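Need coordinates for the following:
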Amino acid sequence: MVQKGKLGSTILVNTDVYLDLILEKPCSQCGNYHNGNAKYKINVTGLSHVITVRCSICKYEENFGNESKEMDFSVCMAGAGLVGGLNREELRTTLAMLGITHQSSHTKYFENQELYFKHLICSAEVSAENALRAACEKLRDQGKYILEVGFDCSWSHVREASQASGEIIYNGELEGMIKKLI
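Okay, the predicted model is just below:
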């Protein structure tokens with residue numbers, strides 16, 4: 001049905017509709033309809049909701065959640081904020097406009113974003129290294145010299161090395177070329 005209906009991986013559903021679907025479901029153990037006799041417990045963490053229903057007849061407990069075991073909507077929302085270039089408040093406002101009013105806390109949001117940082121930093125370092133190598137190869141193919149230099153931050157700050165390194169390493173011509181490579 002998901003593929004045939006082209007539903008995608010997640011459907012936004014109204015809380016009342018979601019609860020009605022759970023509460024109208026008969027007990028999986030004895031088949032009895034709850035008719036308000038069952039006991040319910042709701043656990044909310046960020047965008048995750050787990051509802052535990054305990055049958056009043058057979059005492060069987062069932063859990064219903066809005067996320068699969070592989071999916072954490074709070075982590076996905078933090079990643080979406082990073083990818084979209086939205087700060088936390090902009091993302092909260094966007095979600096609120098969709099009707100999603102219960103959201104991750106400030107701390108949890110940034111903890112979830114932190115999960116992505118390691119991969120982003122690694123990707124940025126690889127991309128920068130690839131761009132530098134391509135630029136150096138282009139200069140070498142043009143017969144220009146490349147002088148490798150190294151310095152620490154204090155030398156850089158005191159001696160205005162950022163301007164010098166632009167000339168020494170990049171020969172002053174690579175800014176436009178690096179933009180084309182990226």
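
For the residue nearest the centre of the chain, what are phi and psi?
Nearest to the geometric centre of the chain sits G79, at 1.6 Å (CA atoms, centre = their mean). Dihedral pair for G79: phi -60, psi -40, per degrees, to the nearest 10.

can you tell me which residues contact it?
N112, Q113, L115, Y116 (CB atoms under 8 Å, 6 or more residues apart in numbering). In this view, the C-beta of every residue, glycine as well, is placed from N, C-alpha and C.

can you do 7 Å?
By CB atoms under 7 Å, 6 or more residues apart in numbering, the contact set of G79 is Y116.

again with R140
So R140 contacts I146 (CB under 7 Å, 6+ apart).

so it sits in a helix?
Yes: under DSSP: H, G, I helix; E, B strand; the rest coil, R140 falls within a helix.

mind listing the strands in this structure by residue range?
39-45, 48-54, 61-65 (DSSP state E).

can I see the domain layout of this structure?
Domain assignment for the chain by automatic domain parsing gives 1-68, 127-181.

chain center to the first one, what's the gap?
What it means is domain 1-68. Offset of domain 1-68 from its chain centre (CA atoms, centre = their mean, to the nearest Å): 26 Å.

Same question for stretch 76-95.
Put simply, stretch 76-95 sits 9 Å off its chain's centre (CA atoms, centre = their mean).

Report back the residue of this structure that's furthest from centre.
Greatest distance from the centre of the chain, by CA atoms, centre = their mean, belongs to G143 (44.6 Å).

so who does that residue touch?
Counting by CB under 7 Å, 6+ apart, G143 has no contacts.

That one and R133, how far apart?
18 Å (CB to CB, to the nearest Å).

again, but for T94
Distance from T94 to R133, by CB to CB: 39 Å.

CA atoms only for stretch 66-82, dumped as CSV, please.
The C-alpha trace of stretch 66-82 is given here as CSV (Å, rounded to 0.1, in the frame of the first residue of the first chain):
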residue,chain,number,x,y,z
ASN,A,66,5.0,6.8,16.3
GLU,A,67,8.6,5.9,15.4
SER,A,68,10.2,2.7,14.1
LYS,A,69,13.2,1.4,15.9
GLU,A,70,15.5,2.7,13.2
MET,A,71,13.9,6.2,13.2
ASP,A,72,14.4,9.0,15.7
PHE,A,73,12.4,12.1,14.5
SER,A,74,14.2,14.4,16.9
VAL,A,75,17.5,13.5,15.4
CYS,A,76,16.1,13.9,11.9
MET,A,77,14.7,17.3,12.8
ALA,A,78,18.1,18.5,14.1
GLY,A,79,19.7,17.2,10.9
ALA,A,80,17.1,19.0,8.8
GLY,A,81,17.9,22.2,10.6
LEU,A,82,21.6,21.8,9.8
